[in-house]
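Engineer: from the sequence below, what's the structure:
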Amino acid sequence: MARRALSVTVATFTATAALLVSGCGGGDSSPDDIKGAESGAGSASASASASGAVAAGAPDVSVPDDLDLVFDFAKPSDARSAAALADAENYIRALDHGIAAQDPEDPAYKYYSDGPAAEYAKSQIKAWVKGSWTVTGTDRYSNAETTTLSNKNVVVTFCRNQAKFYSKEIKTGKILYTEESPSSYQKFTLLMNPPSGSSQAWKAMAIEVKGEVKDCGA
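Structural biologist: The predicted model follows:
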């Protein structure tokens with residue numbers, strides 16, 4: 001099923017995080033490995049999505065009516081952190097939008113990501129397309145934290161509870177229910193790059209997904 005395919009793909013796209021660890025100051029909470037950490041920072045301007053607004057020219061990131069995306073986050077007081085977190089949310093929305101559209105080249109995830117994070121999104125969408133599945137249920141995210149690096153990039157981390165998040169067969173509409181298990185709880189780490197050039201969005205440049213994270217339980 002799609003959840004199993006996701007776990008395999010996550011393992012494929014993880015790599016060293018030496019730069020991230022040094023940028024965050026180290027410590028036990030630093031990610032063990034993340035791909036794309038060498039990406040540089042763009043301009044210091046904030047995304048319009050920091051206030052919940054959609055930037056002019058941004059693509060559609062709507063999801064099916066039977067998918068409830070829940071982001072239980074407190075908005076950071078710092079404008080940069082708030083903007084980075086808002087577009088990290090939009091990256092997740094864009095990924096699900098691409099799955100629902102069954103389009104591995106969907107412009108939504110390309111708008112909110114680049115490099116390895118874009119490769120990850122594309123690989124996820126392709127896995128769901130190959131299985132002829134779409135998304136349904138409730139996908140819940142919580143416990144967000146942000147860390148600004150010395151190069152002005154922002155590392156965003158949050159928990160995911162996918163216990164009520166299911167795949168649905170496109171041809172039959174059958175929902176492939178799964179039981180809640182340790183694999184229902186994941187931790188995401190995203191390296192967010194500030195807007196640059198004509199782009200108004202913070203872009204996810206690197207992603208790490210850790211499975212079976214007990215601290216992300218209900």
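
Engineer: all contacts plus neighbour counts: C-alpha atoms, from now on.
Structural biologist: OK.

Engineer: now do the SS call for Gln124.
Structural biologist: Using DSSP: H, G, I helix; E, B strand; the rest coil, the structure places Gln124 in helix.

Engineer: what count of nearby residues applies to it?
Structural biologist: Neighbours of Gln124 under the rule other C-alpha atoms under 10 Å: 25.

Engineer: so what's it scoring on pLDDT?
Structural biologist: With respect to pLDDT, Gln124 scores 94.

Engineer: distance of it relative to Arg80?
Structural biologist: As for Gln124, its distance to Arg80 is 28 Å (criterion: C-alpha to C-alpha, to the nearest Å).

Engineer: then Lys122?
Structural biologist: 27 Å.

Engineer: which stretches of the chain have low pLDDT?
Structural biologist: 1-56, 218 (pLDDT under 70).

Engineer: quick check: longest strand of it.
Structural biologist: Across the chain, the longest stretch assigned as strand under DSSP state E is strand 133-148.

Engineer: tell me where this structure has strands.
Structural biologist: According to DSSP E, the chain carries its strands in the segments 67-72, 133-148, 154-161, 165-169, 175-176, 185-193, 203-211.

Engineer: from the chain's centroid, how far away is the shortest one?
Structural biologist: Just to be clear, that refers to strand 175-176. 23 Å (C-alpha atoms, centre = their mean, to the nearest Å).

Engineer: which helices and strands does it pack with?
Structural biologist: If you count contacts as 3 or more C-alpha pairs under 8 Å, 6 or more residues apart in numbering; DSSP states H and E, strand 175-176 packs onto strand 165-169.
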